[in-house]
Structures are given as structure tokens and as C-alpha cells.
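Chemist: show me how the following folds:
(2 chains)
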Protein chains: 2
Amino acid sequence: MERVKRNVRMAIISQQLTSTPNQIHTLNEFALLFDAAKSTISEDISLLTEAFKQYGAGIIETVPGAAGGVVYRALSNNQSMQETVDQLCAYLNEPDRILPGGFLYTSDISSDPQFATRIGEIFATRFAAQHPDIVLTMETKGIPLALMTAKQLGIPLVIARRDSKAYEGSAVKINYVAGRRDGTQVDTMTLERRAIAAGQRILIIDDFAKNGGTITGMAELANEFEATVIGVGVMVAAKELDLRINCDVCALACMHELDYSRRIVAVEGLHFES
Amino acid sequence: MERVKRNVRMAIISQQLTSTPNQIHTLNEFALLFDAAKSTISEDISLLTEAFKQYGAGIIETVPGAAGGVVYRALSNNQSMQETVDQLCAYLNEPDRILPGGFLYTSDISSDPQFATRIGEIFATRFAAQHPDIVLTMETKGIPLALMTAKQLGIPLVIARRDSKAYEGSAVKINYVAGRRDGTQVDTMTLERRAIAAGQRILIIDDFAKNGGTITGMAELANEFEATVIGVGVMVAAKELDLRINCDVCALACMHELDYSRRIVAVEGLHFES
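Modeler: Here you go, the predicted structure:
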């Protein structure tokens, strides 16, 4: 059998790590795949680690111990995060997104798979150090962003629903103040009991926050499960947003103005240090 | 400046192609990145194409023309698709998923980011040849699978809602027969008018189909937009499913039996040729 060349091994290991972020691969797995010595694979991985670092392609980490190996983390650098946020603001500032009643059409942005991936990478990079166990969102529009964040962090996604369904088993249901500040609009939010365990660290992700009613509701829901909210990531927040949740909050863009009659929208993006 | 080695170039190109499936990269882009001649990059890509093929790591295609370049398609081979389906069935056949009323708890499976990715890869592989323009699903549980399918195909995701929302603009709303065969349970389904253009080719993806009411509803909705449904992919279908839609239907698993009182569930997976 012909010996597999280093450039082929490195290319395939690169492919496999990139396509499975946060998943541990053993050196043995690659040694078997290429019929090579573990020391050879170990050298390949050192070179890969260096190359990924140099080109800002994410981080390859070595996990020690019996269940150890190597793991890929798709962390973004500030330059690529800034490009994504600038692109987001360019989209949001298009005047034909303004809808009657002072709403902004954003469904096409948040459910674009490639763009959702990039936003998920930002949230994952931003909150990785807080070691969340679960990403929580409320149906429907935030799901793609929450899923991509969870994927990049290598943790499960949990979706709160408006109503509990027969196919979810026993659930916790809460009432929360949605939308209006005066507390007149009360909605319900439910989550199946088996979705979150006590003590888990929750990262809340959503696409849009105006008064923060839904996010505050999710935090109260997490409380019912005796879980801890460690962070909140939203794609766009209204400038009047004031969450009153004691945790790390990150909004990628802030909406300063939205006027249907004059067709004006002004969204400003987050600035990353360059 | 030190010349970048072939193994580093190949590893980084591999990383970039894998992390952006279906996105065209020009040779020029890589030539600039590594300060190398286009002929050198072209050789790197030939070697990569061969290596990816040999290890079943997906397909690297060359797109000719002025807007051409190389593009990565995350197509799965039969062996890895079979592993995913077998794993799916192992999960679904766990007796503690059976809920009162003869329902099966599957939310944790369909919203697991890594598993949703693998299922999305199967649907993308299965339907790529029909060249869909859009993936369509109905909220809520099918969204992660539909998003990952859309991502692997490099096309947008569109999400139908139960009710139209102010932040979606003008919408088309239909009534459809949900759940029961006798037609007594009629639900509504809406989709914003700007989501689909006439003539587009639609791939419907959902997590579960019992009588096929929701899927038939989505096909009727696509009709209202003068779009064509080219295929339907579901994760689990009940054995009595009979869609009566004239298109390519693919269910990854079939539920033969589900009995709450005796705690019996029998799910059988699709078989791929080996």
C-alpha cells in the first residue's frame, strides 16, 4: 500500500475537524484512517494547529486524558466578526425592509443558513469563556441563530414554545409580559421538563429584542428549572432595551430609529477592536 | 517573506472550503492569501479534489466561467448516511421516549446541532440533483433539520407560520386539514408574500409526518405562490403515511408501531446500498 503523503493527511484532518466543531477526535482515529504512526499524526496536528492560528481559521485544542484527543473550535477573529456585523447593518438599513406599524422585515436575514452560521460564530466566540451548557431560544425567528450558536459551541439547543404540545411530555408553563411596557399583554411560554436540568448554564439567543419581554420571560423560565442564565445574545436590539437581567448581554446591532411614514431606518453595529 | 508550504496551503484551503459549502471561491482569492502563483493553487486544488474523493470527505467542484472558481459540496457517501440513520433509529427506539397518547419525544434529536447537520447532509445529498431553489418548513420542530439541509445545499430557508405576524409584511394564508383524516381539524398556515417567487423549486423538509396533513398544507401553500414542489424529506414517517403529492418523497425512518400502554416502539430505518 502506498504511503499517504503529509499534505493529504493534513488536508483530510483539516476537513474532518472543520466539519465537526467541538467534537473530540483521537489521534488513534487518524492513525487508523491513514495507516500511520501516532507520532506522525501528532506532528501533522502540530503543523495544522500552527497553520490555523496563522490564518485565523479557528483554534485546534489538545484535550488531555484518557478520553482526550484534538478538538476544533470555530472561533472568529475581530476582523471577520466586524465584517459580519457591517454586512448585517447594511442589510438592516435597506429602506424596503420597513413595514407598516414600524416593524422591520428580517426573516430572510436570520434564516439565511450562511449568514446564521456567521452570526452563530460571533455569539459562540463571545460567550465561549462562560462555558454555557445549553442554548435557549423561543420559537420561531431566533431558532436558526440559536442553532448555529449551539453548533459552534458544541452544546444542545432547547426551544421554548408558546403552548405545550402532546409530543413533548410534561412541561413547565409560565406567564410573561410580552411586548408592551404597561404589562397589559401577557403571553405564555412553555418548555418540556426534560429539556433542562437544575444547575445548567444557559445562554439565551434571539433575533430581535424591543422591550426585552421575551428574553426576560426566558430568564424566568430558566429560573423555574433552577438553571443559571450566563449570557444573552441578540441580533438586533431597540435602543430603549433595558433587560434588568444580571448577566452578560450582547446585541450585534442597535436600532436607533424606525419610521414607517418617512421610510427611515437607522441601525448601528457593534464595534470590535481591530 | 517565507514561502508557504504546500501542506499548509492545502490544509487552509481545505478548512475554508469545508466551512463554506456551496460557496464559490476563486483561485485568485487563495493566490492572494498565500502570495502564490495561480498555477500553484490550481495544483493544490487538484490534489485536494483527489484526496477528498478518496476519503469520502465530500466533493470539490470546479465552476467554469468569469464568475467561476471552486466550490465544496458536503455530499455524504452511503456508508456515513447509513450510520446516521442507524443512530437515529437507535435513539427513536428508546422506550422512555414514548409519551401518553401515543406520541414519541423527538425534540432533543431534531434540535441537536451535530445530529441535525448529519440529517441535513443526507437530505442535501438525496435532493441535490433536483436543484431546489428554497427549503420550506413549517414551524417549529422541523426548523433545525430544514436549516441544515438548506445550508448544505447553499440555498435559503423559508419558514411557514401558524399565523402571520406584523413583522413579516403582507402574507398568504391558507386553511389546511391537520392531523385527523376525517377533516375535522382545520388549521391555518401563513407565509409572507416576499418569501417565494413564482416558478421556484421547493424542497419541503419536516421532522415528523403522521397523516401528512402539514406537508400537504405546505405543498398547497407552495401552489399559491406558483412554485413547484420537487421533493419532500421527513425524518420519521408513520407507516400509514400516504402523501398523494406527485414528487420525490424520502423518509429516513418509518414508525411501524407505537403503543403507550405496553411501552413498545418499533422504528425501522431506510437502507442505503453498500
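Chemist: for chain B, tell me whether the helix or strand containing residue A:231 is touching it.
Modeler: If you go by DSSP states H and E, residue A:231 is part of strand A:228-238. No: using C-beta under 8 Å from any C-beta of the partner chain, strand A:228-238 never reaches chain B; the gap is at least 11.1 Å. C-beta coordinates here come from the backbone N, C-alpha and C atoms, glycine included.
Chemist: could you do stretch A:242-258 as well?
Modeler: No: using C-beta under 8 Å from any C-beta, we find that stretch A:242-258 stays clear of chain B, coming within 11.0 Å at best.
Chemist: could you pull out the buried residues of that stretch?
Modeler: Across stretch A:242-258, burial judged by 16 or more other C-beta atoms under 10 Å in any protein chain shown covers A:243, A:245, A:249, A:251, A:252, A:253, A:254, A:255, A:258.
Chemist: repeat that for stretch A:46-58.
Modeler: A:47, A:48, A:51, A:52, A:55, A:57, A:58.
Chemist: can you tell me which two in those residues are farthest apart?
Modeler: Farthest pair in the buried residues of stretch A:46-58 (C-beta to C-beta) is A:47 and A:58. Separation: 15.2 Å.
Chemist: now do the same for the closest residue in space to residue A:163 that isn't next to it in sequence: its pLDDT.
Modeler: By the measure of C-beta to C-beta, 6 or more residues apart in numbering or on different chains, the closest residue to residue A:163 outside its immediate chain neighbours is residue A:190, 6.1 Å from it. Note on residue A:190: pLDDT of 95.
Chemist: can you tell me the helix or strand for residue A:190?
Modeler: strand A:186-192.
Chemist: what packs against that strand?
Modeler: Here strand A:186-192 is seen to pack against strand A:157-160, strand A:171-177, helix A:213-224 when contacts are counted using 3 or more C-beta pairs under 8 Å, 6 or more residues apart in numbering or on different chains; DSSP states H and E.
Chemist: strands paired with the second one, and their directions?
Modeler: Meaning strand A:171-177. In the sheet, strand A:171-177 lines up against strand A:186-192 (antiparallel) (DSSP bridges).
Chemist: three-state assignment of the residue in the stretch 151-274 of chain A that chain B sits nearest to?
Modeler: As assessed by C-beta to the nearest C-beta, chain B sits closest to residue A:151 within the stretch 151-274 of chain A, at 3.5 Å. Under DSSP: H, G, I helix; E, B strand; the rest coil, residue A:151 falls in the helix class.
Chemist: does it touch residue B:114 like I think?
Modeler: Yes: using C-beta atoms under 8 Å, residue A:151 is in contact with residue B:114, at 7.0 Å.
Chemist: what residues are up against residue A:133?
Modeler: A:155, A:200, A:201, A:202 (C-beta atoms under 8 Å, 6 or more residues apart in numbering or on different chains).
Chemist: skipping its backbone neighbours, what lies nearest it in space?
Modeler: residue A:200 (4.3 Å).
Chemist: list the contacts of that neighbour.
Modeler: By C-beta under 8 Å, 6+ apart, the neighbours of residue A:200 are A:133, A:134, A:225, A:227, A:228.
Chemist: C-terminal to the strand holding residue A:231, what's the next element?
Modeler: strand A:248-259.
Chemist: strands paired with the helix or strand that that following strand is followed by, and their directions?
Modeler: Counting by DSSP H and E, the element after strand A:248-259 in chain order, helix or strand, is strand A:264-269. Counting by DSSP bridges, the strands paired with strand A:264-269 are strand A:248-259 (antiparallel).
Chemist: for residue A:269, the count of nearby residues, please.
Modeler: When neighbours are counted by other C-beta atoms under 10 Å in any protein chain shown, residue A:269 registers 20.
Chemist: typo on my end, residue A:64
Modeler: Using other C-beta under 10 Å: residue A:64 sits among 7 other residues.
Chemist: for it, give me phi and psi.
Modeler: phi -80, psi 170 (degrees, to the nearest 10).
Chemist: then the one 3 residues further on?
Modeler: Torsion angles at residue A:67 (phi, psi; degrees, to the nearest 10) stand at phi -90, psi 20.
Chemist: list the contacts for the residue nearest to residue A:163?
Modeler: Here residue A:190 is in contact with A:160, A:161, A:162, A:163, A:164, A:168, A:171, A:172, A:173, A:174 (criterion: C-beta under 8 Å, 6+ apart).
Chemist: out of these, which end up buried?
Modeler: Looking at these with 16+ other C-beta under 10 Å, the buried ones turn out to be A:160, A:161, A:162, A:164, A:168, A:171, A:172, A:174.
Chemist: for the most centrally placed residue in chain A, give me its contacts.
Modeler: For chain A, residue A:149 is the residue whose C-alpha lies nearest the centre (C-alpha atoms, centre = their mean; 1.9 Å). Listed by C-beta under 8 Å, 6+ apart, the contact set of residue A:149 reads A:119, A:120, A:123, A:124, A:127, A:135, A:203, A:205, A:233.
Chemist: TSV for the residues you listed, including neighbour count, secondary structure and pLDDT?
Modeler: Formatted as TSV, the contacts of residue A:149 follow (neighbours: other C-beta atoms under 10 Å in any protein chain shown; DSSP: H, G, I helix; E, B strand; the rest coil; pLDDT from 0 to 100):
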residue	neighbour count	secondary structure	pLDDT
A:119	25	helix	97
A:120	26	helix	96
A:123	28	helix	97
A:124	28	helix	94
A:127	22	helix	95
A:135	32	strand	98
A:203	29	strand	98
A:205	32	strand	98
A:233	27	strand	97
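Chemist: next, count neighbours for the residue in the stretch 1-150 of chain A positioned nearest to chain B.
Modeler: Chain B sits closest to residue A:113 of the stretch 1-150 of chain A, with a gap of 3.5 Å, by C-beta to the nearest C-beta. Using other C-beta under 10 Å, residue A:113 has 25 other residues around it.
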